[in-house]
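*Asks:* What shape does this take:
(2 chains, ligands or ions: 4)
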Amino acid sequence: MTTIFEPVAEQEEFAEARGHLHGRKDASWLRRMMPVVMSHRAMFFTAVIGSFVALVVQVQIPYVIGRAIDRSLVAKVTPLGGYIVIIAALGAGRWILNLTSRTLLLKTAYRIEYDLRTIIYQHLTRLSFSFFDRVQSGELMARSNSDVRSVQMFLATAPVILAQCAVAVVVFVQMLFVSPALALVAMSTMPLIAVFGVQVRKRLFPISWLEQSLLAQVATAADENINGIRVVKGFAAEGQQVRRMYSVARRARWVVVQDANIRARWSPFLENLPRLAQALLLLVGGWMAYDGSVSVGTLVTFNAYILMLQPPFRQLGLLLMIGQRAKASAQRIFAIVDTEPEIRDRPGSIDLIDCRGELEFDNVTFGYRRDTNVLEGFSLHLRPGETIALVGRSGSGKSTVGRLLARFYDVDEGTVRVDGVDVRRVTVASLRHHVGLVLDEPFLFSMSIRDNIAFGRPDASLADVIAAATAAEADGFVRELEHGYDTIVGERGYTLSGGQRQRIAIARTLLVDPPILVLDDATSAIDAHIEQLIHGALKEAMKNRTTIIIGHRVSTIRLADRVAVLDGGRIVATGTHTELLATEPLYGEILAAVLAEGPLGENDIEDAP
Amino acid sequence: MIGGASSGGGVWGPAGLGGGSMSGGGSVKATADGKGFAEVPAELHDGVAKILALEPEWEEPELKFSHQPADRRPLTVTRMLSMRRLAIIGMLLVLVVETASLQAGPYLIQVGLDRGVLGHDRSVLITAGVASFVAVIVTVLVSALRGAWTGRIAARAMFRLRLRVFAHLQRLSMDYYTNEKAGVILTRMMSDIQALQTLLQDGYAQFFMQFLTLLVVGGVLVHYNVELALITLVLVVPALVALSAWFRSASDRGYLSVRNAVAAVLGDLSETLQGIRVVAAYNRQKQNVIHHRNVVGEYRQANDYTARIAGIYAPTTEFIGLVGQVLILLIGGAMVRRGDLSVGVLTAFVLYIGAFFQPVQQLVQTYNMYQGGKAAMVKLRELLDTDPTVGEGVDAYDLPQVAGEIVFEDVTFGYDPSRPVLHHVDLRLRAGETVAFVGPTGAGKSTIAKLVPRFYDPTQGRVLIDGHDLRDVRLKSLRRQLGVVPQEPFLFAGSIRDNVKFARPTAGDDEVQEAIDLVGLRELVDSLPDGLDTAVHERGVSLSAGERQLIALARTFVARPRVLVLDEATSNLDLMSERKVEAALDRILEGRTAIIVAHRLTTAMRADRVIVIDEGRVVEDGTHADLLQANGPYATMFKIWAEHSLDNSAYRD
Ligand SMILES: Nc1ncnc2c1ncn2[C@@H]1O[C@H](COP(=O)(O)OP(=O)(O)O)[C@@H](O)[C@H]1O
Ligand SMILES: Nc1ncnc2c1ncn2[C@@H]1O[C@H](COP(=O)(O)OP(=O)(O)O)[C@@H](O)[C@H]1O
Ligand SMILES: [Mg+2]
Ligand SMILES: [Mg+2]
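*Replies:* Residues are numbered from 1 along each chain as shown, chains lettered A, B, ... in the order given. Ligands and ions are numbered 1, 2, ... in the order given. The predicted structure follows:
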């Protein structure tokens, strides 16, 4: 029943992938991909079998042509017409078969790509914050894009290439029937493929791996520059960045040249093996025809057969290459899907409903890194409807408290409870539905302001959106924008001023109307006047809500019933603002006492701790 | 990733330790990382090591960046290749030889069969056989030569293009980066250039050879028997041309929609990843998954369309080819019976017509390459033709060391010129003065702060520093003397040290340590097991908002700017940390000009001067005391702020 906590406003036009990647982790990568491939088995096998049959049909054509030349032109024993009809029929058959099987095969490939992309995306959205704290988004982009493509390419082309190679066997058998000696001559160069296989493994794999990784370095360098352009420009560091790009790009150039060299050495060799066989056939076969032990028509047939072997040969090299690449890509994809979300519904967890908003942090210990704890023995209790201000120095762990409450991370020790229930025992969606967070960095998506505000309730009506915006004092400036609520904000919302973004972020949370509210430095970029107006609305909004306010301004703190001072990972004091000022020296330091002395002199700093 | 090194041996490397870090030392580091391949799959270790052993020692690049593009000519393939005429002729020659030796096979077979076997001449047979061996060997050698050569040409051209595009991106102004999605810009640098590389490396050569093959085969057919050749070509070629014309227009259309669809997929993915924390906080997973499915589904549909086209084109050309063969058999058969044609020639005809159709078949692939390359070319040309809105004139001069007097002369500015954000702003900030800018959000304070380092140019009026119009001086000489700390600090993936040293990579360790002390990060750094070498995750998300601001401040302190612009640079700090920063500022700012935007009016109280901005206009200007006395907007603002921000009890004691 979690769905009610995850409203969806978009029509689902494309179905969920039927396959999955949950196969045994120690299984081979192909095996693990099978459920995805097999979920399209009807299409897939029709395509593969179709192209196989088409190839078998195709093999017959040179044979018939050879017979036609022998029997009706050289020997003149049968009329040509019959052969022509057979050839035309075979050709038409091949045409129809290829027409359907090629289209189907490509479509299967695109279905596989769709499945992989959506499976990875879905998995990514369920992964925990700790995962995204470790892994760069550029890396994830690459894995869900180029890696998916290389797997898709292999899965779709390999069966056909293999079918072609299987046809080589059919061809060989057919040749054996016609003339065993010539068949051996025609196939005599095949064992040399092994030489190529060894070279591929020894040289081509490493070089193409290197090439990929250097390109990834180029991408990283470019990506960081694009995202950090404000800093690069601000410090006029363009030259430095161009030199950095130069250093990476010239290594990439070097590797591309090496790659081309190695490829140039080996792939013409592989591709020309059938031609070598053709030359042999001319010598040996010609000799035999000269002696009359084989017919000219047979030679023509054999030549056509060898010509037919050409594409599978060219493809075989390709197959080895993309096979290796696909394997590496698949492993990178599995690395994503095998990462279990650390935060997920435990078996038997229940939905949090009719939340009263009682909060309790009970002796909580937590650290992002194993060796340092941010919170240590942190305890705090909030009655339903109570508003508490959390005060502490920068980096003391205030935002962390909010993150633990919404279960973005799990505590290492202790318990966080909502309405007396451990947050790990309720479903994540229902918990987050009841906990509204205004994050300390107001990230907006490059969509319309209306969609940004309705982010948590995409099905909200415009009237609701406007009401939320009005409460967050955003309505005024939004209306002044060129397209009002339909204005699209730029990348990350950067076409709005900092304070405007924060107001949109507040509206976004107010619209969800959560019984528990965490305002994490939510008004830091907003001036006192507007803040006061927002506070007016918030006071109204906070009446029946349990609220944690994080902030440094007295005006913000004043909204709270109680203030808790966070230091050294735990609450060192709680009380009203006035009480704390009198009793807790740290509080005064963090907050307000300095004001009593008016503007600072340099001396104050010397004795600050 | 070579550099995405994972010291823990796990699949995921720690954030951004590799991939080269962003500092000036980045190049050295990238090389070092590249040679220590932590993530190389075990089975490739030896191979990779062997290749890397061959890598030359690279020298430190001595590259100068200029805001003037060195090459303003539009991008074309010939310019990109920049081959000398002799080389082009050589390459064409190689391609001709390769095509000829490839097509010699069927010819030699025909000679061998006709004149050798049927004509009962063993020596001809042997000569033809040996000649076809030689032809194969020549093909292998020439193909190898061609492959290595085109590889080298393409690699060089791409290297130059990559640097040119990257340098141009560095020149483009802020508005470009606000309006264009980051993912799209990255596409220019990566997949577009990649598409061009494929086109240069394989596409053109293949295209040319396929064309040549058609000519050669056509020529050979005519040479064998004019009548038969003409009949076949007349019957077959029109069908082929019509089919190819259809394929071309249909696949152009398909390609365009695939391109747009994939851009949408990547854009959606990239934005989700950037905002993944917000997605989780608002329970948006389900909605986003469905949205993504729809976007990927559109992409699948676009692809399905191209699948149908390719699925029709290749088998149909195959079929037309077969029809050609049948026709040859019919007509040629009749000619053989009449004795006008030898069986050997007929055989060669049948074989050659197959060779005629092979290049047409391959056209699907080549044409895709061509389309990709062409689209990439258009996009890259567009990018290179985009002039920075904030450019540097050719006669720009280096700004001498400034005292720091900043003047806004009747400045009107709008991000969209028709909707001004600043109206007729006149300001004169004296050298060495600390000026606080206050005013409601959206008033235009940050905009003013962005005009000083010339991130944007005024629509009207001018901004002067020490009497120099900003538009007349070199950007580097200007920005090197300014230190801008924006509201939301951006940190690079890399170590804390690299981030602090960003503006001046040559800064010594003692300077970094001093900056860390000054901003009050000592405690944090000491508590981290790796100290200054602790990795910062992309954008600094592994730090608290306040810590990020402090590092951005430290970075600016290390830069030792003459003029400091702080745009709400301490808004996420607690007052104690802010005090510490302000004390440090007092020390640093001696004799330097500072523009400080802040909502906490303590800052205003401490500044030499306060300027109140409202709705893009300067509404008040004076010292804190003067403005309080004047009882204008500032006094009102201060009253509200004091009432709400200062506890009366605290203020009174
Ligand atoms: N994602 C993260 N990974 C590692 N460390 C983190 C992460 N987020 C925060 N920290 C560290 O935890 C401490 C507390 O951070 P935070 O709760 O954001 O502080 P604040 O009280 O300023 O809100 C800081 O020292 C910060 O560096
Ligand atoms: N990149 C941009 N593109 C378009 N409009 C912008 C951009 N940046 C800011 N604005 C608009 O300009 C006005 C002033 O913004 P700003 O200078 O950031 O205000 P503040 O005084 O809060 O710093 C705001 O209305 C904002 O929406
Ligand atoms: Mg915080
Ligand atoms: Mg601002």
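
*Asks:* near ligand 2, which residues of chain A show up?
*Replies:* A:Tyr494, A:Thr495, A:Leu496, A:Ser497, A:Gly498, A:Gly499, A:Gln500 (Cβ under 6 Å from any ligand atom). (C-beta placed from N, C-alpha, C; glycine too.)

*Asks:* Wait, the fourth one touches B:Thr441, no?
*Replies:* Yes. A:Ser497 lies in contact with B:Thr441 (Cβ atoms under 8 Å); the separation is 5.6 Å.

*Asks:* who touches both of those two?
*Replies:* Shared contacts of A:Ser497 and B:Thr441 (Cβ atoms under 8 Å, 6 or more residues apart in numbering or on different chains): A:Ala525.

*Asks:* re earlier: strands - which of the residues of chain A next to ligand 2 land there?
*Replies:* Among the residues of chain A next to ligand 2, no member is found in strands (DSSP state E).

*Asks:* Of the residues you listed, just say which sits nearest to ligand 3.
*Replies:* A:Gly498 (15.5 Å; Cβ to the ion).

*Asks:* give me the number of residues near the closest one?
*Replies:* When counting by other Cβ atoms under 10 Å in any protein chain shown, one arrives at 24 neighbours for A:Gly498.

*Asks:* Equivalent analysis for A:Ser461, please.
*Replies:* By the criterion of other Cβ under 10 Å, A:Ser461 has 10 neighbours.

*Asks:* Could I get the pLDDT score of it?
*Replies:* Reported pLDDT at A:Ser461 in the predicted model: 94.

*Asks:* center of chain A - which residue?
*Replies:* The centroid of chain A falls nearest to A:Ser144 when counting by Cα atoms, centre = their mean (3.8 Å).

*Asks:* ok, now how distant is the nearest residue to it once chain neighbours are set aside from A:Ser329?
*Replies:* In space, and not counting its chain neighbours, A:Ser144 is closest to A:Ile120: 4.6 Å by Cβ to Cβ, 6 or more residues apart in numbering or on different chains. Distance of A:Ile120 to A:Ser329, given as Cβ to Cβ, to the nearest Å: 12 Å.

*Asks:* who's in contact with B:Ala594?
*Replies:* With contacts defined as Cβ under 8 Å, 6+ apart, B:Ala594 is in contact with B:Glu433, B:Thr434, B:Val435, B:Val563, B:Leu564, B:Val565, B:Leu566, B:Leu585.

*Asks:* swap the cut-off to 10 Å and go again
*Replies:* B:404, B:429, B:432-436, B:483, B:561, B:563-566, B:585, B:588, B:607-608 (Cβ atoms under 10 Å, 6 or more residues apart in numbering or on different chains).

*Asks:* Just the buried residues out of those residues, in ChimeraX syntax.
*Replies:* Here is the ChimeraX command that picks out the buried ones among the contacts of B:Ala594, judged by 16 or more other Cβ atoms under 10 Å in any protein chain shown:
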select /B:404,429,432,433,434,435,436,483,561,563,564,565,566,585,588,607
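
*Asks:* So which of the contacts of B:Ala594 are in helices?
*Replies:* The helices, defined by DSSP state H, take in B:Leu585, B:Ile588 from the contacts of B:Ala594.

*Asks:* Show the contacting residues for whichever residue of chain B sits closest to ligand 4.
*Replies:* Ranking the residues of chain B by distance to ligand 4 (Cβ to the ion) places B:Ser446 first, at 3.2 Å. By Cβ under 10 Å, 6+ apart, B:Ser446 lies in contact with A:Ser497, A:Gly498, A:Gly499, A:Ala525, B:Val421, B:Phe437, B:Pro486, B:Gln487, B:Val565, B:Asp567, B:Glu568, B:Val597.
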